[in-house]
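Novice: What follows is a predicted structure for the sequence shown.
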Amino acid sequence: METAYVTSKGQLVIPARLRRKYGIKPGTKVYFIEGEPGIIFQPLTRDYIRSVCGMLKHEGPVTQELLKERGRDREREEAKGAKLGPR
């Protein structure tokens, strides 16, 4: 387990071994994710971004699926209106 101290300016020095292992270089953006049991520190490296690309794959274009759903909603609304009769 590695340890580090936070400076008076709120800066944190990441140990060199971890920087090398996770490809953290000067200018690397990081996310701090609050959760249980604490804070997760996630560097946004090319490798990380590649690993999450396609994670939420969909079988077809999302736009087409949304248009189909809207059509079904419209049909339900029209059927509902027909049951209520003219106003």
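Specialist: Yep, that arrived.
Novice: can we go C-alpha only for contacts and neighbour counts from here?
Specialist: Will do.
Novice: Per-residue pLDDT of the residue nearest to L12 when sequence neighbours are not counted, please?
Specialist: Excluding the flanking residues, the one nearest L12 by CA to CA, 6 or more residues apart in numbering is V6, at 4.8 Å. Note on V6: pLDDT of 92.
Novice: what is the rounded mean pLDDT of stretch 77-87?
Specialist: Averaging pLDDT along stretch 77-87 yields 73.
Novice: Which secondary structure state does Y31 sit in?
Specialist: Three-state call for Y31 (DSSP: H, G, I helix; E, B strand; the rest coil): strand.
Novice: Which helix or strand lies directly C-terminal to the helix or strand bottoming out on mean pLDDT in the chain?
Specialist: Using mean pLDDT, DSSP states H and E, the weakest-scoring helix or strand in the chain turns out to be helix 46-52, at a mean of 70. Next along the chain after helix 46-52, taking DSSP states H and E as the criterion, comes helix 62-84.
Novice: I am finished for the moment; much appreciated.
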